[in-house]
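> what follows is a predicted protein model with its sequence.
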Amino acid sequence: MKKVQRGFSMIELVMVIGITGVLAAVAIPLFVDVRTDARQSALNGTADALSSVAASNYAARGMDINKGFAVTNCSNVGAVHAGGGLQGGLDADAYTITVESVAANVAVVCELNTVTTPVLTATFTATGVL
């Protein structure tokens with residue numbers, strides 16, 4: 001007569017717990033850094049939006065001096081302007097922009113930084129417009 005086995009042996013349970021522990025030790029550090037990656041992606045998206053605003057403004061202002069807004073430094077791109085710009089402006093509680101002067105018809109690489117720790121950085125291009 002065959003003996004019917006029910007349940008798992010102690011060795012099988014210890015092996016499963018050991019393998020689970022090793023997988024957890026490897027996987028947890030990979031998931032911890034997801035928040036920083038998400039913040040960097042949001043920052044990169046904002047920097048890309050600022051580059052787009054600067055390019056659109058340069059084109060509009062080049063066609064008609066009454067359209068768009070003047071860009072004399074990097075922070076002008078993120079400000080609220082009657083003639084266009086980033087809708088709602090840049091959130092000053094979340095981001096800072098380097099205040100680097102921009103000459104007319106010259107493209108300058110500007111830095112966009114987060115206010116929170118760790119400080120993350122992205123770049124965007126601003127073209128000077130008078």
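Yep, it's here. Numbering: from 1, shown residues only.

> quick one: the helices in the protein, in order.
According to DSSP state H, the chain carries its helices in the segments 10-32, 34-63, 75-78.

> ok, and for the first one, which residues are buried?
This points to helix 10-32. Judged by neighbour count (16 or more other Cβ atoms under 10 Å), helix 10-32 contains no buried residues. Placement of C-beta: from N, CA and C, glycine included.

> what does the average pLDDT come to for that helix?
Mean pLDDT, helix 10-32: 89.

> so what's the gap between that helix and the chain middle?
33 Å (Cα atoms, centre = their mean, to the nearest Å).

> same question, stretch 26-45
In terms of Cα atoms, centre = their mean, the gap separating the centre of stretch 26-45 from the centre of its chain is 11 Å.

> again with stretch 89-98
Here stretch 89-98 is found 12 Å from its chain centre; the criterion is Cα atoms, centre = their mean.

> model confidence for the spatially most central residue of the chain, exactly?
In the chain, the centroid-proximal residue (Cα atoms, centre = their mean) is Leu43; its distance is 2.0 Å. In this model, Leu43 is scored at 94, pLDDT.

> now swap in Gly83 and tell me
With respect to pLDDT, Gly83 has a value of 62.

> could you dump the helices of the chain to a markdown table with distance to Thr121?
Below are those laid out as a markdown table (distance: least, Cβ to Cβ, whole Å):
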| stretch | distance to Thr121 |
| --- | --- |
| helix 10-32 | 21 |
| helix 34-63 | 8 |
| helix 75-78 | 15 |
